[in-house]
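Student: Build me a model:
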Amino acid sequence: GPAPPAAGAARGGGAGGAAPPGAGAAGRAPAPAKGKRKGRKQAFTVMGTTDLHGRVLNWDYFTDAVYADKAHNDVGLAKISTLANQVREEKGWDRCLLIDSGDIIQGTQLTYYYARIEPIATDGDNVPDHPMAVAMNLMGYDAAALGNHEFNYGIPTLKAFEDQLEFPLLGANALHAKNEKPAFKPYVIKEVWLDEDTPLKVGILGLTNPGIAIWDKANVTGKMVFPGIVETAAKYVPRMKAAGADVIVVSAHSGIDEPTTYGDQLPWPEDASGEMAETVPGIDAVLVGHTHKEVAQRLIVNKKTGKTVVLSEPLCWGQRLSCFDFDVEFADGAWKVLSVSSRVLNSNTVPENPEIVDALTEQHKKVVAYVNQQIGTCKTDLSIAEARFRATPIIDLIGRVQADAVKAALAGGQYANLPVLAQAAPFNRTALIPAGQVKLRDAAGLYIYENTLEARVLTGAQLKDYLEFSAKYYNQLAPGAPVDKDALTGAETTPDYNYDSLYGLSYDIDIAQPKGKRIVNLSFQGKPIDPAAQFVLAVNNYRANGGGNFPHVAQAKLVWSNSDEIRNTMIAWVKAKGVIDPADFFTDSWRLVRAGQPVF
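Tutor: Next up, the predicted model:
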C-alpha cells in the first residue's frame with residue numbers, strides 16, 4: 001500500500017529547482033514572523049496541467065518539425081515551465097502549487113522510446129531517465145494524478161516512472177485487486193506559508209478513470225480495480241479534512257459531464273467531475289482531465305452545501321495552464337476560503353524554458369534519429385485527409401496489415417478457413433505517407449496509439465450492427481441539402497477514433513436515413529452478406545475490450561491476441577514488403593450516399 005499522506009512544504013523552485021530568494025534547502029520560503037497580520041486576506045494559486053501525452057518540447061515527432069496547427073497553438077512542458085515561473089514571480093514562489101491530472105507517459109515517440117526501445121522498466125544497472133520525470137521534477141510539480149494511458153505499457157513501467165518522480169503520483173481509486181487497498185498514494189497535503197504562523201494546508205486528491213478496467217484489461221485484470229470517482233471522493237474528502245486540510249483540490253482524470261464511451265459495461269461514469277462537484281461536499285476546486293477540452297472556468301453549485309465549486313481543464317499536450325486563484329483568510333484559529341476563480345494561460349505566448357530544453361536535448365536527438373530511420377518506399381503520396389468521407393488507401397493499409405497478421409496467426413488452426421476482415425479508424429487527421437522514402441515516423445504517425453491486435457469471431461448480422469453503430473458518426477443530411485464537410489460528422493460527440501470502417505466488406509452509408517438504418521448494399525466478395533456466416537475480425541484491443549461501446553465485439557469469441565503494438569506490426573509489414581503500393585491493398589469498398597446517390 002502507499003505511504004500515509006504526509007504534509008509537505010509548498011515546493012519553491014522552477015526549472016533547475018532554483019528556490020526563491022531566502023529559501024531553505026527544501027525550497028520553501030521561511031515562515032513569516034509569528035502573529036504577523038492576523039485576519040488579513042491572503043492569496044495563493046494552484047496551477048494545473050493535464051493530458052500532456054509525452055510532450056516536453058514544442059516538437060512533432062511524426063512530422064519531424066516544430067509543432068504546428070491551424071490555431072497556432074504550441075505544446076510541451078518547456079513552454080508550460082516558462083508560464084508557471086511567470087505566475088510564481090507574480091504571485092510569490094511560496095504561494096504557488098503545480099499539479100497535473102494524468103495521461104503523462106503515452107502519446108509521442110519520445111515517451112514510446114523510453115517504454116519500449118530503451119525501457120525504464122529494466123533490471124539493468126543503467127536505468128534511463130524518463131523524459132517526463134526529468135522535466136516535471138525540474139519544474140517542481142507538487143503532485144500528479146494517474147491517467148488511463150499511464151497503464152498502456154503495463155504496471156511495471158508505470159511503477160518505474162513513479163520511482164523517478166520527486167512528487168507523489170496520486171490515485172485514490174486505483175486499488176490492488178487482491179485486497180482493494182490503494183496501489184498509489186490517494187492524496188497529499190501541502191503546507192503553504194502565507195503571512196501567518198499557521199501554514200495553510202492544501203489537500204490534493206488524485207482520481208483516475210474507471211474505464212482503465214476496460215481499455216487496459218490485459219494489463220490490469222486480476223491486478224488492479226478502479227471504483228467510481230464520485231464514490232471515492234466522498235470517502236476521501238472527509239478523511240482529508242480530518243487530517244487537517246483547509247482547502248481541497250481534486251485532480252481528476254475525468255471530464256465534467258461527457259457521455260460515457262463504454263456504455264453500461266461498468267457501473268461508474270467515465271466523465272464524472274461535474275457530478276462529483278455537485279454531490280460531494282467540501283471540494284473547493286477540480287482540475288479536470290481526460291477529454292482534451294479547454295474549460296477556463298466552470299462553476300458548479302454543490303447540492304448539499306450550496307457552495308460553488310470551480311472546475312478548469314487546460315486543453316491537452318501543454319497547450320494551456322490552468323490557474324486556480326484563491327483568496328483565504330485566517331480567522332478564529334482557522335483558514336477559510338473566501339473566493340476561488342480559475343483561468344487558463346496559453347503556452348504560445350512564451351518561449352520554452354532553456355533549462356528544460358537543455359535537460360532533454362540528448363534524449364530528443366536520440367528519438368529523432370530513431371523515428372527517421374527508413375523502413376521502405378511508397379509508390380505515391382497516401383493522405384488521410386479524406387478518410388472520414390470516402391474509402392482511402394491509407395486506411396486500407398491499416399486494414400490489410402491487420403488482416404495479414406491475423407491470417408498468418410490462424411494458419412493451420414481451426415479458424416484458418418474463416419474469412420478475415422479488419423477494423424480501422426482515422427486516428428490522426430494529419431497523417432501522410434509520402435511518395436518515395438518511408439520513415440518509421442510516417443507509419444507511427446498513421447497509428448498514434450499503443451493498441452495491440454486481437455481476432456474475434458462475429459457473424460454477418462453482427463458486423464452489420466457494428467457498421468450501423470459506426471455510421472452514427474455522420475449527421476443526417478436530406479437529399480439535395482448543401483454538403484458542409486465540417487458539419488457532416490458528429491466529431492464533437494463521436495471522435496474520429498470511434499469511426500470504424502471494415503476492410504474486406506463493401507457497403508454504402510446512406511446519410512439521408514436516421515441512425516441505425518444507414519448500411520445498405522452490404523456485401524462480401526461481391527455477394528450480399530450472409531447474416532449467419534462467421535467471420536474473423538482483426539480488431540485493436542481498445543475496441544475489442546469495449547472502448548467506444550461498439551456492439552457484439554467485446555462479447556465475441558477471442559481466437560487470437562498479440563502483445564506487440566499494431567504500429568510495430570505495420571512497420572514490420574512495410575520492411576518485409578519493401579514497397580507500399582496501393583494497387584496491392586486498396587479496395588475502394590465503401591461510400592457515402594443519399595437515397596442511393598453518392599455524396600461526393
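Student: Low-confidence stretches in the stretch 101-250 of the chain?
Tutor: In the predicted model of the stretch 101-250 of the chain, no residue satisfies pLDDT under 70.
Student: So Ile155 sits against Gly222, correct?
Tutor: No - contact criterion C-beta atoms under 8 Å: Ile155 and Gly222 do not qualify, at 11.1 Å. Backbone N, C-alpha and C define where each C-beta goes, glycine included.
Student: So these two - more neighbours on which side?
Tutor: Counted by other C-beta atoms under 10 Å, Ile155 and Gly222 do not tie: Ile155 has more neighbours, with 17 against 7.
Student: quick one, strands of the stretch 401-550 of the chain?
Tutor: 420-424, 432-433, 436-439, 452-459, 501-503, 506-510, 519-524, 527-528, 534-540 (DSSP state E, counting those that start in this stretch).
Student: can you check the stretch 51-200 of the chain too?
Tutor: All strands of the stretch 51-200 of the chain, identified by DSSP E, counting those that start in this stretch, fall at 59-60, 65-66, 96-100, 143-145, 169-170, 175-176, 187-192, 200-207.
Student: Direction included, what does the second one pair against?
Tutor: Sheet partners assigned to strand 65-66 using DSSP bridges are listed as strand 59-60 (antiparallel).
Student: Could I get the average pLDDT for the partner strand?
Tutor: In this model, strand 59-60 has a mean pLDDT of 97.
Student: Ala234: what's it in contact with?
Tutor: By C-beta atoms under 8 Å, 6 or more residues apart in numbering, the contact list for Ala234 reads Thr279, Val280.
Student: try 7 Å
Tutor: Taking C-beta atoms under 7 Å, 6 or more residues apart in numbering as the criterion, Ala234 is in contact with Val280.
Student: which element is it on?
Tutor: Taking DSSP states H and E as the definition, one finds Ala234 inside helix 229-242.
Student: sorry, back to before: how about the strands of the stretch 401-550 of the chain, which one is nearest Leu446?
Tutor: Among the strands of the stretch 401-550 of the chain, the nearest to Leu446 by C-beta to C-beta is strand 432-433 (6.7 Å).
Student: Show me what that closest one is packed up against.
Tutor: Applying 3 or more C-beta pairs under 7 Å, 6 or more residues apart in numbering; DSSP states H and E, we find strand 432-433 packed against strand 382-383.
Student: what's in contact with the strand it packs on?
Tutor: Pro393, Ile394, Leu397, Leu432, Ile433, Pro582.
Student: what's the burial count for Lys464?
Tutor: Lys464: 19 neighbours (other C-beta under 10 Å).
Student: these two touch, right, it and Ile519?
Tutor: Yes - Lys464 is in contact with Ile519 according to C-beta atoms under 7 Å; the separation is 5.7 Å.
Student: and the strands of the stretch 51-200 of the chain, which is most packed in?
Tutor: Ranked by mean neighbour count, the strands of the stretch 51-200 of the chain are led by strand 143-145 with a mean of 30 (mean count of other C-beta atoms under 10 Å).
Student: Distance-wise, check Leu287 relative to Thr49.
Tutor: According to C-beta to C-beta, to the nearest Å, Leu287 stands 8 Å off from Thr49.
Student: actually Lys79, not the one I typed
Tutor: From Lys79 over to Thr49 (counting by C-beta to C-beta), the distance is 11 Å.
Student: One more: Phe389?
Tutor: Phe389 is 35 Å from Thr49, by C-beta to C-beta.
Student: Compare those two and say which is more crowded by neighbours.
Tutor: Thr49 (33 against 17).
Student: which residues does the more buried one bridge with?
Tutor: Asp100.
Student: what's near enough to touch it?
Tutor: With contacts defined as C-beta under 7 Å, 6+ apart, the neighbours of Thr49 are Ile80, Asp100, Pro314, Gly318, Leu321.
Student: Distance of it relative to Met139?
Tutor: For Thr49 relative to Met139 (C-beta to C-beta), the value is 9 Å.
Student: and stretch 418-432, C-alpha only, in CSV?
Tutor: Only the C-alpha atoms of stretch 418-432 are listed here, as CSV (Å, rounded to 0.1, in the frame of the first residue of the first chain):
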residue,chain,number,x,y,z
LEU,A,418,-12.9,-18.3,-41.9
PRO,A,419,-12.6,-15.1,-43.9
VAL,A,420,-10.7,-12.3,-42.1
LEU,A,421,-11.9,-8.7,-42.1
ALA,A,422,-10.2,-5.8,-40.3
GLN,A,423,-11.3,-2.7,-38.4
ALA,A,424,-9.6,0.7,-38.8
ALA,A,425,-10.3,4.3,-37.9
PRO,A,426,-8.9,7.7,-38.9
PHE,A,427,-6.8,8.4,-35.8
ASN,A,428,-4.7,11.3,-37.0
ARG,A,429,-6.1,13.9,-39.4
THR,A,430,-2.6,15.0,-40.5
ALA,A,431,-1.2,11.5,-41.3
LEU,A,432,0.7,11.3,-44.6
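Student: pLDDT below threshold where in the chain?
Tutor: Looking at the chain by pLDDT under 70, you get 1-39.
Student: Now do Pro582: how many residues are near it, please.
Tutor: By the criterion of other C-beta under 10 Å, Pro582 has 17 neighbours.
Student: Phi first, then psi, for the nearest residue to it once chain neighbours are set aside.
Tutor: Nearest non-adjacent residue to Pro582, counting by C-beta to C-beta, 6 or more residues apart in numbering: Pro393, 3.9 Å away. Backbone torsions of Pro393, given as degrees, to the nearest 10, read phi -60, psi -30.
Student: returning to that earlier point: okay, the strands of the stretch 401-550 of the chain in JSON lines with distance to Pro551 and mean neighbour count next?
Tutor: Shown next, in JSON lines, are the strands of the stretch 401-550 of the chain (distance: least, C-beta to C-beta, whole Å; neighbours: other C-beta atoms under 10 Å):
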{"stretch": "strand 420-424", "distance to Pro551": "13", "mean neighbour count": "25"}
{"stretch": "strand 432-433", "distance to Pro551": "32", "mean neighbour count": "20"}
{"stretch": "strand 436-439", "distance to Pro551": "36", "mean neighbour count": "16"}
{"stretch": "strand 452-459", "distance to Pro551": "10", "mean neighbour count": "22"}
{"stretch": "strand 501-503", "distance to Pro551": "13", "mean neighbour count": "26"}
{"stretch": "strand 506-510", "distance to Pro551": "16", "mean neighbour count": "21"}
{"stretch": "strand 519-524", "distance to Pro551": "13", "mean neighbour count": "17"}
{"stretch": "strand 527-528", "distance to Pro551": "21", "mean neighbour count": "9"}
{"stretch": "strand 534-540", "distance to Pro551": "12", "mean neighbour count": "26"}
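Student: what's the closest of the ones you listed to Gly480?
Tutor: Closest approach to Gly480 among the strands of the stretch 401-550 of the chain is made by strand 506-510 (14.2 Å; C-beta to C-beta).
Student: Much appreciated, bye for now.
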